[in-house]
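Peer 1: Coordinates for the following, if possible.
(2 chains)
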Amino acid sequence: MLWYVGRRLLQMIPVFLGATFLIYAMVFLLPGDPIAALAGDKALSPAVAAQLRARYHLDQPFLMQYFLYLKGIFTLDFGTSFSGRPVSEVLAQAFPITIKLSLMALAIEGIFGIGFGLFAGLRKGGIFDSSVLLVSLVIIAIPIFVIGFLAQFFIGVKWGLVPPTVGGNTSFKNLLLPAFVLGSVSFAYVLRLTRTSVAENLTADYVRTATAKGLSRRRVVQVHVLRNSLIPVVTFLGADLATLMGGAIVTEGIFNINGVGGTIYQAVTRGEAPTVVSFVTVLIVIYLLANLIVDLLYAALDPRIRYV
Amino acid sequence: MRITRVATAVLAVGLAAGLLSACSSGDSTSGGGSGIVNAWAGEPQNPLIPTNTSENQGGRVVDSLFAGLVSYDSDGGVQNEVAESIETTDGKNFTVKLKDGWTFTDGTPVTAASFVDAWNYGALSTNAQLQASFFDPIQGYDEVAAENPTAQTMSGLKVVDDSTFTIELKQPESAFPDRLGFAAYYPLPAVAYQDMAAFGENPVGNGPYMMSGPGAWQHNVRIDTVVNPDYNGNRKPKNAGVDFVMYNSLDTAYTDLLAGNVDVLDQVPPSAVTTFETDLPGRTVNQPSATIETFTIPGRLPHFSGEEGTLRRQAISMAINRDQITQQIYNNTRTPALDFTSPAIEGWSDSLVGNGNLKYDPEAAKRLWAQADAIAPWSGSFEIAYNGDGGHKEWVDATANNIRNTLGIDAKGKEYPTFAQIRTEATNRTIPSAFRSGWQGDYPQQYGFLAQNYQTGGSSNDGDYSNPEFDRLLRASAGEVDPGKAQDLLNQAQEVLLRDLPAVPTWYRNAASGWSENVSNVVIDWKGIPMYSDIEKN
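Peer 2: Got it, this is the predicted structure:
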């Protein structure tokens, strides 16, 4: 199995190279000279513009720019943003906050989604099941910014239960509300996925066998039904982590959190290739690692799956 | 097999824990102590070096941390600050004497060299400072600002003694001293040159406020300042400090203003322009700031040169119903333009000859357009280019509709995805249509609005307008020592523009601002930014 993990890690290298190249090329292809926009509607002195272009390698052809960027990466130099801050510093500031927020959202959707889904699946067709299905449908249908603003207004401003914005204080308590908002849509999906899977597995042969053997209902559900039902759910959660991180831009905007989404948006509009590429690359690595974790969890959930 | 499964689970959990441990970022809270004002802000685009700060998010912090030779009051009136006197007899050579007793917050005195060295640093092209062109009027600027500089310092600046220096300009500009309160002209302490990047993170100034300590700038989060106890200038703070709290969305900032977490917000979000005056009773202003919005029609476009071009420009301008657009699209947070400067700046007049060209008059517009057609028949379409990332679509569409309906021609907006793209084409003169433009005053003088945009060869004259009569009047005004006569010449220069319309003025941007119940005495200045030092905490 260690060999398997090693091989998967090695596979990330070509993915990494290909992805950075593609993203770099796309940012390079953005029309317009980013330096021309630095001073707003006012004109920059031509000599200063030339200096800045040289400083950020913008006077070099595309392949040279990309090569210089890659060369920097190997010495752990991710380049500088147009504000003169090292990109590595921007990374170190934005990622921990977004990862924390995403993992909290993931935990919320996992715990509540699987919990409600399990109960709904066990009592398929009942009042609880029907109402949970209805609520989840409503959540899926409402855009996330509506949920965000409503939660902010009522819970934050009206009732004053938590501060309406997060700002610099990224404590667990402050992030709880945005995490609920961020996780809400996926929560509905996890719930529905779990519910269907559980309901389906309840009628499976091995469950009937287990029940026939005289196992308690509790043990049947825990060991046989739930464990087998979790495989699709875990797949979804794994893929969802990366989606949460990239998609947090709306939630982060509403709650004034300085995370990955906003930084990438800003860097794209300013044409800052090193910043965009570095951020997206880290996202890709996280996505790949999350997928690896999911694959390894399969083996834990289902003994028939083995890795060599 | 059992072991493998356990190992797998352990490994998976371990990897997850690894991801988690990356999140143990330090929680950063701070500030908001008694007497501290929480002010809305955004992340400055650049390190806080005065000569490199070209936008107002960095500018408002730099203005709080530094004091220049002169300072401005809320109406743009000029008072000496660090300068004891700035004297000239010919409007070209100036002698600056400094007051005694000014120090930087690191204890070093503010001397003549603090200014001269900072200005030379700002102008030298190899330092790549965004505001370098502000030193253009000074003798010797061209040598230091060349791509390969032939001098390191400007010959027009000379230190006489610790408290005296002289400035020689290329040509007479008698109002030059009034500009010296702008950020590019602030002094720097000696410590700055040791490591300018580090200085920009934690600047040491001589202004009413100082950074609250190392790390006071938490990027994208906040910048905390406290009162500088040694400051004794015109802007003596009435509070204990200002915390600049950064928001990435105006809507969120507005929510925090309603909840009382932010004390001053100088820009109400578009979603609140209809409600902010009732949401914040008695705690709002809505007044023009030193900003004008226009669209430029380059003279090189077909049909827009000579007599025909002038007629067409006037027709287009008179086809636009500015009152209706500012009311319906902006809910009166824009004020229809009557000239090329701004009512927030001294000398503005609503009675310049020719400002009828900026008023809606469809009949006259049709008549003028027909006269132009008699010279050469119209062909093609009239497009106004704008950047889609700047919220311009609504007014451009409305304006194009006005023009189309009044003149019966094909007029439409043309969207460019990014600001960078439209600026690149405007700078390279490759833009094939009219395009949106605008100007924000850096110092409270009409001259700045006119010289850089419309003077022959002006640094932001993207339409390549050139009229010898305008140039002559502008230069004569700059060289005139009598303020009354200078204003008269400026008005005449503007009347030339109102006839030629190198750009079509549309409206002035208002400062639509609000504040919380926690503060009082909030005044929004001519630039549209709160006078932070005057704010009192209740």
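Peer 1: Now B:Ala290: phi and psi?
Peer 2: Here is the backbone geometry of B:Ala290 (degrees, to the nearest 10): phi -80, psi 50.
Peer 1: isn't it right up against B:Gly76?
Peer 2: Yes: in terms of CB atoms under 8 Å, B:Ala290 counts as a neighbour of B:Gly76; the distance is 7.5 Å. Every C-beta, even on glycine, is put in place using the N, C-alpha and C of the backbone.
Peer 1: so what sits against both of the two?
Peer 2: The contact sets of B:Ala290 and B:Gly76 overlap at B:Ala344, B:Ile345, B:Pro444, B:Trp526 (CB atoms under 8 Å, 6 or more residues apart in numbering or on different chains).
Peer 1: With distance to chain A and secondary structure added, can I get those residues in a markdown table?
Peer 2: Putting those into a markdown table (distance: CB to the nearest CB, whole Å; DSSP: H, G, I helix; E, B strand; the rest coil) gives the following:
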| residue | distance to chain A | secondary structure |
| --- | --- | --- |
| B:Ala344 | 17 | coil |
| B:Ile345 | 17 | coil |
| B:Pro444 | 17 | coil |
| B:Trp526 | 18 | coil |
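Peer 1: can you name the two of those residues that are farthest apart?
Peer 2: Maximum pairwise distance in these, criterion CB to CB, is 7.7 Å, between B:Ala344 and B:Pro444.
Peer 1: okay, and the common contacts of these two?
Peer 2: B:Gly76, B:Ala290, B:Trp526.
Peer 1: where does the first one fall, helix, sheet strand or coil?
Peer 2: Think B:Gly76. At B:Gly76 the chain is in coil, as set by DSSP: H, G, I helix; E, B strand; the rest coil.
Peer 1: Tell me who's in contact with the closest residue to it other than its chain neighbours.
Peer 2: Excluding the flanking residues, the one nearest B:Gly76 by CB to CB, 6 or more residues apart in numbering or on different chains is B:Pro444, at 2.8 Å. Contact analysis of B:Pro444 by CB under 8 Å, 6+ apart lists B:Tyr72, B:Asp75, B:Gly76, B:Gly77, B:Val78, B:Asp178, B:Ala290, B:Ala344, B:Ile345, B:Glu346, B:Trp526.
Peer 1: What's the PyMOL syntax to select whichever of those residues are buried?
Peer 2: In PyMOL, a selection of the buried entries from those looks like this (16 or more other CB atoms under 10 Å in any protein chain shown):
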select buried, chain B and resi 72+76+78+178+290+344+345+346+526
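Peer 1: what about the residue nearest the centre of chain B, distance to B:Lys99?
Peer 2: Centroid-nearest residue in chain B: B:Gln440, 4.1 Å away (criterion: CA atoms, centre = their mean). Relative to B:Lys99, B:Gln440 is positioned 30 Å away (CB to CB, to the nearest Å).
Peer 1: Just the closest of the contacts of B:Pro444 to A:Gln65, please.
Peer 2: Comparing the contacts of B:Pro444 against A:Gln65 with CB to CB places B:Ala290 closest, at 39.0 Å.
Peer 1: Let me see the mean pLDDT of the host helix or strand of A:Asp295.
Peer 2: Under the criterion of DSSP states H and E, A:Asp295 resides in helix A:273-301. Confidence for helix A:273-301, expressed as mean pLDDT, is 86.
Peer 1: contacting residues for residue 273?
Peer 2: No chain specified, so I'll use chain A. A:Tyr24, A:Val27, A:Phe28, A:Gln65, A:Tyr69 are the contacts of A:Ala273 under CB under 8 Å, 6+ apart.
Peer 1: wrong one, I was asking about chain B
Peer 2: The contact partners of B:Val273, taken as CB under 8 Å, 6+ apart, are B:Tyr330, B:Asn331, B:Thr333, B:Ala512.
Peer 1: Can you tell me the SS state at the second one?
Peer 2: Three-state call for B:Asn331 (three-state DSSP): coil.
Peer 1: Quick one: residues contacting it.
Peer 2: B:Asn331 touches B:Val273, B:Thr274, counting by CB under 8 Å, 6+ apart.
Peer 1: okay, it: pLDDT?
Peer 2: The model's pLDDT for B:Asn331 equals 92.
Peer 1: for it, phi and psi?
Peer 2: phi 50, psi 40.
Peer 1: for the record, mean pLDDT for stretch A:252-263?
Peer 2: For stretch A:252-263, the mean pLDDT works out to 87.
Peer 1: my bad, should have said stretch A:219-232
Peer 2: For stretch A:219-232, mean pLDDT is 88.
Peer 1: Work out the gap between it and the centre of the chain.
Peer 2: Here stretch A:219-232 is found 26 Å from its chain centre; the criterion is CA atoms, centre = their mean, to the nearest Å.
Peer 1: next one: stretch B:35-50
Peer 2: Computed by CA atoms, centre = their mean, the chain-centroid distance of stretch B:35-50 equals 15 Å.
Peer 1: Run a quick neighbour tally on A:Ile114.
Peer 2: Residues lying near A:Ile114 (other CB atoms under 10 Å in any protein chain shown) number 23.
Peer 1: pretty sure it is touching A:Leu230, no?
Peer 2: Yes: between A:Ile114 and A:Leu230 there is a contact at 7.4 Å, judged by CB under 8 Å.
Peer 1: what residues do these two have in common as contacts?
Peer 2: A:Thr194.
Peer 1: rewinding a little: most neighbours of all the contacts of B:Val273, which one?
Peer 2: Within the contacts of B:Val273, B:Ala512 tops the neighbour count with 27 neighbours, counted by other CB under 10 Å.
Peer 1: So that residue, which state does it fall into?
Peer 2: Using three-state DSSP, the structure places B:Ala512 in strand.
Peer 1: out of everything not next to it in sequence, what's closest to residue 85?
Peer 2: Went with chain A since none was named. B:His219 (7.0 Å).
Peer 1: hmm, I had chain B in mind actually
Peer 2: Using CB to CB, 6+ apart, the closest residue to B:Ser85 is B:Lys97 (4.9 Å).
Peer 1: doesn't the one you found fall inside a strand?
Peer 2: Yes: secondary structure of B:Lys97 (three-state DSSP): part of a strand.
Peer 1: Now do residue 99: how many residues are near it, please.
Peer 2: All of this refers to chain A. A:Ile99 has 23 neighbouring residues, counting by other CB under 10 Å.
Peer 1: should've been chain B
Peer 2: 16.
Peer 1: tell me the contacts of A:Tyr69?
Peer 2: Applying CB under 8 Å, 6+ apart, the residues contacting A:Tyr69 are A:Thr20, A:Tyr24, A:Gly79, A:Ala273, A:Pro274, A:Val277.
Peer 1: 7 Å instead, please
Peer 2: Contacts for A:Tyr69 (CB atoms under 7 Å, 6 or more residues apart in numbering or on different chains) come out as A:Tyr24, A:Gly79, A:Pro274, A:Val277.
Peer 1: Could you export those residues as JSON lines, including neighbour count and distance to B:Leu474?
Peer 2: Output for the contacts of A:Tyr69, formatted as JSON lines (neighbours: other CB atoms under 10 Å in any protein chain shown; distance: CB to CB, whole Å):
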{"residue": "A:Tyr24", "neighbour count": "22", "distance to B:Leu474": "47"}
{"residue": "A:Gly79", "neighbour count": "19", "distance to B:Leu474": "44"}
{"residue": "A:Pro274", "neighbour count": "26", "distance to B:Leu474": "43"}
{"residue": "A:Val277", "neighbour count": "27", "distance to B:Leu474": "47"}
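Peer 1: which one of those residues is nearest chain B?
Peer 2: Minimum distance to chain B across these is 14.8 Å, recorded for A:Gly79 (CB to the nearest CB).
Peer 1: Please verify my assumption that B:Phe176 contacts B:Asp136.
Peer 2: No: look at B:Phe176 against B:Asp136 with CB atoms under 7 Å: they stay out of range, at 11.4 Å.
Peer 1: of these two, who's got more company?
Peer 2: Using other CB under 10 Å, the more surrounded residue of B:Phe176 and B:Asp136 is B:Phe176, with 20 against 15.
Peer 1: Return the residues in contact with the more buried one.
Peer 2: Contacts of B:Phe176 (CB under 7 Å, 6+ apart): B:Phe94, B:Pro137, B:Leu169.
Peer 1: Just read off the phi/psi values of it.
Peer 2: phi -50, psi -40.
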